[in-house]
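S.K.: this one's sequence-less:
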């Protein structure tokens, strides 16, 4: 279990409000039609977004620490993560949707495909990263199931998403939806149920705030667990269970148990 230092969240919200105004004034027509592109503009060009980006990057680096010779699939791009770009001990593949242009074409391993039909074989990936995807897509449950499909047994699925129970996170989702209700506001408990149905075990649940600088909320104490449950952003790491066939034990019986009219031999004497 990983533990993190708890830091109080930035309370005034002035920088957060300025970041939303900056996002609205720098959007083009294509981004107006795509809620996730609106979020990416906020994520890449505002102080609050850059702070959250650095916090999530450090958390991913901690999760990938010790990884060697593994295939890692990242579904949709946020930015070029420094830890993943520098680390040559594993192969990182980025998947983009077919109707969406890649943000950065410099990475050698980039593919295009559908999230509900990943172009990879079953049990072919060691880790899959879903960075802020489920809250901006129409079929989040199908995307999670598809990511679990391509995972190897005992592989790990890492998910980052906004918490609809947090006012700042909900306001950001509404702003990205362009005055329309967001596609999905996925609660952490609901996502954990989906993972349980896909035979996955949650091994880490952390919370992140939208303060500047952003911090990961501690989950060691009961107060920290409550704060993580209602934090602005939650991070989940789930491990795919290794399913093994059940070996049937041979059942031995006698002919007296099978033939009609026959009773098994039962001793009527009491044993002292």
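M.R.: Great, that's in hand. Everything numeric in this text was worked out from a predicted model, so none of it was measured.

S.K.: Low-confidence stretches in the stretch 101-250 of the chain?
M.R.: Residues of the stretch 101-250 of the chain meeting the criterion pLDDT under 70: 101-108, 173-184, 212-213, 218, 246-250.

S.K.: Next up, the contacts around residue 132.
M.R.: Contact analysis of residue 132 by CB atoms under 8 Å, 6 or more residues apart in numbering lists 36, 39, 43, 76, 78, 160-162. No exception for glycine: its C-beta is placed from N, CA and C like everyone else's.

S.K.: Let me see the ranges of the strands in the protein.
M.R.: All strands of the chain, identified by DSSP state E, fall at 71-75, 91-96, 110-112, 125-131, 151-162, 200-208, 216-217, 233-240.

S.K.: Format these as TSV; extra columns: distance to residue 65 and mean neighbour count.
M.R.: As requested, those are arranged in TSV below (distance: least, CB to CB, whole Å; neighbours: other CB atoms under 10 Å):
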stretch	distance to residue 65	mean neighbour count
strand 71-75	13	22
strand 91-96	15	19
strand 110-112	24	14
strand 125-131	12	24
strand 151-162	12	21
strand 200-208	13	19
strand 216-217	15	25
strand 233-240	12	23
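
S.K.: Can you say which of these is nearest to residue 185?
M.R.: Of all those, it is strand 151-162 that lies closest to residue 185, at 7.7 Å by CB to CB.

S.K.: rewinding a little: which one of the contacts of residue 132 is nearest to residue 125?
M.R.: Nearest to residue 125 among the contacts of residue 132 is residue 76, at 15.0 Å by CB to CB.

S.K.: So the closest one sits against residue 37, correct?
M.R.: No. Residue 76 is beyond contact range of residue 37, at 10.8 Å (criterion: CB atoms under 8 Å).

S.K.: which non-adjacent residue is nearest residue 214?
M.R.: Excluding the flanking residues, the one nearest residue 214 by CB to CB, 6 or more residues apart in numbering is residue 55, at 3.6 Å.

S.K.: do residue 230 as well
M.R.: Nearest one to residue 230, counting by CB to CB, 6+ apart, is residue 165 at 5.3 Å.

S.K.: Same drill for residue 76 and residue 37, tell me which one is more crowded.
M.R.: Shown here are residue 76 and residue 37; by other CB atoms under 10 Å, residue 76 has more neighbours (22 against 19).

S.K.: Now do the same contact list for the more buried one.
M.R.: Applying CB under 8 Å, 6+ apart, the residues contacting residue 76 are 36, 94-97, 115, 130-133.

S.K.: For it, grab phi and psi.
M.R.: When read as degrees, to the nearest 10, the backbone of residue 76 gives phi 70, psi 150.

S.K.: Quick one: the helices in the stretch 151-272 of the chain, in order.
M.R.: Counting by DSSP state H, counting those that start in this stretch, the segments of the stretch 151-272 of the chain that form helices are 167-176, 188-197, 222-229, 255-258.
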